[in-house]
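Engineer: For reference, the sequence and a predicted model appear below.
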Amino acid sequence: METIINAENISYFYDEETKKYVFKDLSLKVEKGSFVAVLGHNGSGKSTLAKHFNAILQPTEGKVYVNSMDTLDEDKLLEIRKDVGMVFQNPDNQIVATIVEDDVAFAPENLGVPHDELVIRVRDALKAVSMENFSDKAPHQLSGGQKQRVAIAGIIAMQPDCIVLDEATAMLDPKGRREVMEVVRRLNREMGITVVFITHYMEEAANADRVVVMDSGKIVLDGSPKEVFTQVETLKSIGLDVPQVTYLSYLLRGTKLELPKDILTASECADAILKLLEEKK
Amino acid sequence: MSLPVIEVKDLTFSYNSLGTTHTAIENVNLKIEKGELVGIIGHTGSGKSTLIQHLNGLLKPNSGTVLIDGEDIFSKECDLRKIRFKVGLVFQYPEYQLFEETVYNDIAFGPKNMGLSPDEIDKRVKEAAAFTGVEDYLNKSPFDLSGGQKRRVAIAGVIAMDPEILILDEPAAGLDPKGRDKILGQIKKYQREKGNTVLLVSHSMEDIAKLATKVLVMADGKVEAYDIPEKIFADTERIEKIGLAVPQITEVFEILKKNGIEIKESIFSVEYAKKVLLSLIGEGEDA
């Protein structure tokens, strides 16, 4: 598999005086076309890491390569940011225009995309996030989930290879979170866009192909959702939750109702219980 | 029955902008007893925030009344200042509202405005800081703290006014599970140990199910339901229809019930789920 983001032994600190490292000697490769969730509590370094993926931050030591371009190379900045787009937490802080379609057009227009193509890109991008019927609306008429989808459309219009969502669902209600997750999954599957999804919500991470768990600037777990979520003790010890059904399966270990270790969804769990109850009859 | 601490009668409020009117809440009726911890749920735009801003008179209704301890807060005789000391409101992302040079001064701001004596202010600040676990940062600038710490400072600032009714709009939004449990634990304590009334707006059904004694469901500006959590979350379909979700573990048991498994109670916690499941196969907790 081709690598799109390659962080090699990177270290970073914010404060030149104290030199307090957020992470030290950290390495991570993201494969092209994959869907990677990054989990970790506040202060674990996950957002700092994410900001290295499109050169908002540059490593104090080590290198980050995006499509083989060094993020320390000033000449490549524009291209790197065109390849990797970022969506942030607060939907109200990232919309710049007063009309939805102007907002989506903002970045590609600045890149000098010709008008005819711009119109097509904006239309396609809004369609990709299922917001085509809102193109002439004002941002304040939208819900949080809709605003985040507009923010995502603004990135899609740049035709990126990768989208990094930094807790983009943290301020949304359950419906808004579902909307954003559905859109992101579709972009990944249908358009082959690489997704790096930073979140606190385990249920969301369960949608990824790969889950990376960070604690105190280190990667402590890295694997498929099923591999990672079965590590109930490790996750709890670093202050993270597992899905309720995974925790139930953990609590039932060693009893007569032993569920499969790697269940993640309510329906998987209910099916497993029904099967067991049937057998016990 | 005792007098409800909050009584809302036929409350209607519309936002007007650019000639268009949007009715945010319509004919809301509600009675909340003293000492309850009420979880308020509802999709974005359901009227939750509009409703709570009426409870300390920040918004004035188009029609209807709000009674706090039996007093009509929108009547001419009512001193709204006093109501605001009685009903403490913590907004979403309150850490953006910190402004003083030290944590101490920030927490002291409310009590100072109440006209308390310096000794009383000092006592209140220290108590509130200890309560939310920020007592070690009193001399620091609030801007040197982490997000979770700032949040707790902001909540301490409201608790220092010792409000009889504490209303919080999504106090745990954006916090990790550890930070969330810490803050919610303190809020529960504020209700249980002090006997105060707490209203808590949250999108996390798990948190609401764990903490609340009553749940208020808002949908399209109206009260969809007000009842104990067991009753509210038993109706999975209704909750999902209005854009919300029941806790995952509750969903599992609703599926089991549909498949003919006999379970009478509603299940919110994983620990309780384990107990119920084991009793189904005739195996008790200690067996």
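Structural biologist: Structure received.
Engineer: Please, where are all the strands along the stretch 151-287 of chain B?
Structural biologist: Listed in chain order, the strands of the stretch 151-287 of chain B (DSSP state E, counting those that start in this stretch) span B:165-169, B:197-201, B:214-219, B:222-227.
Engineer: contacting residues for the closest residue in space to B:Asp106 that isn't next to it in sequence?
Structural biologist: Leaving aside its chain neighbours, B:Asp106 sits nearest to B:Glu100 (4.0 Å; criterion: C-beta to C-beta, 6 or more residues apart in numbering or on different chains). For every residue, glycine as well, the C-beta is placed using N, CA and C. Neighbouring residues of B:Glu100 by C-beta atoms under 8 Å, 6 or more residues apart in numbering or on different chains: B:106, B:109, B:142.
Engineer: Would you confirm that A:Gly144 contacts B:His43?
Structural biologist: No - the pair A:Gly144 / B:His43 is not scored as a contact, 10.1 Å apart, by C-beta atoms under 8 Å.
Engineer: what residues do the two have in common as contacts?
Structural biologist: By C-beta under 8 Å, 6+ apart, A:Gly144 and B:His43 have these common neighbours: A:Asp173.
Engineer: Next, count neighbours for the closest residue in space to B:Arg151 that isn't next to it in sequence.
Structural biologist: Closest residue to B:Arg151 apart from its sequence neighbours, by C-beta to C-beta, 6+ apart: B:Glu95 at 5.0 Å. Neighbour count for B:Glu95, taken as other C-beta atoms under 10 Å in any protein chain shown: 19.
Engineer: List the contacts of whichever strand or helix holds B:Pro111.
Structural biologist: Assigned by DSSP states H and E, B:Pro111 belongs to helix B:103-113. With C-beta under 8 Å, 6+ apart as the test, helix B:103-113 has contacts from B:85, B:98-100, B:120-122, B:124-125, B:128-129, B:134, B:137-142, B:145, B:153-154, B:156-158, B:160-161.
Engineer: cool, stretch A:59-79 as well?
Structural biologist: A:3-13, A:25-27, A:52-55, A:58, A:80, A:83-84, A:111, A:161-162.
Engineer: out of the residues you listed, which are buried?
Structural biologist: Burial of the contacts of stretch A:59-79 was assessed by neighbour count (16 or more other C-beta atoms under 10 Å in any protein chain shown); the buried members are A:4-5, A:7, A:10-13, A:26, A:52-55, A:58, A:80, A:83-84, A:161-162.
Engineer: low pLDDT regions in chain A?
Structural biologist: Counting by pLDDT under 70, the ranges of chain A that qualify are A:281.
Engineer: any idea which helix or strand carries A:Phe106?
Structural biologist: Per DSSP H and E, A:Phe106 falls inside helix A:100-110.
Engineer: hang on, the earlier thing: just the buried members of the contacts of B:Glu100?
Structural biologist: Among the contacts of B:Glu100, those classed as buried by 16+ other C-beta under 10 Å are B:106, B:109, B:142.
Engineer: so A:Ala105 sits right up against A:Leu118, yeah?
Structural biologist: Yes - in this structure, A:Ala105 is within contact of A:Leu118 by C-beta under 8 Å, at 5.7 Å.
Engineer: So for these two, which sits in the more crowded spot?
Structural biologist: A:Ala105 (22 against 18).
Engineer: and chain B, which residues reach chain A?
Structural biologist: B:43-45, B:146-148, B:173-179, B:203, B:205-206, B:243-245, B:247-249, B:251-252, B:255-256, B:259, B:261, B:270-271, B:273-274, B:277-278, B:280-281, B:283 (C-beta under 8 Å from any C-beta of the partner chain).
Engineer: Make a PyMOL selection of the buried ones in those residues.
Structural biologist: Restricted to buried positions by 16+ other C-beta under 10 Å, the PyMOL selection for the residues of chain B next to chain A reads:
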select buried, chain B and resi 43+44+45+148+173+174+175+176+177+178+179+203+205+206+243+244+245+247+248+249+251+252+255+256+270+273+274+277+278+280
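Engineer: ok so, going back, residues of the helix holding A:Phe106 that come out buried?
Structural biologist: Going by 16+ other C-beta under 10 Å, helix A:100-110 has these buried residues: A:100-109.
Engineer: show me what contacts B:Val28?
Structural biologist: Remark: with contacts taken as C-beta under 8 Å, 6+ apart, B:Val28 is in contact with B:8, B:10-12, B:47, B:51, B:64, B:221-223.
Engineer: can you list the residues of the stretch 51-200 of chain A near chain B?
Structural biologist: Counting by C-beta under 8 Å from any C-beta, the stretch 51-200 of chain A sits next to chain B at A:89, A:143-145, A:167, A:170-176, A:200.
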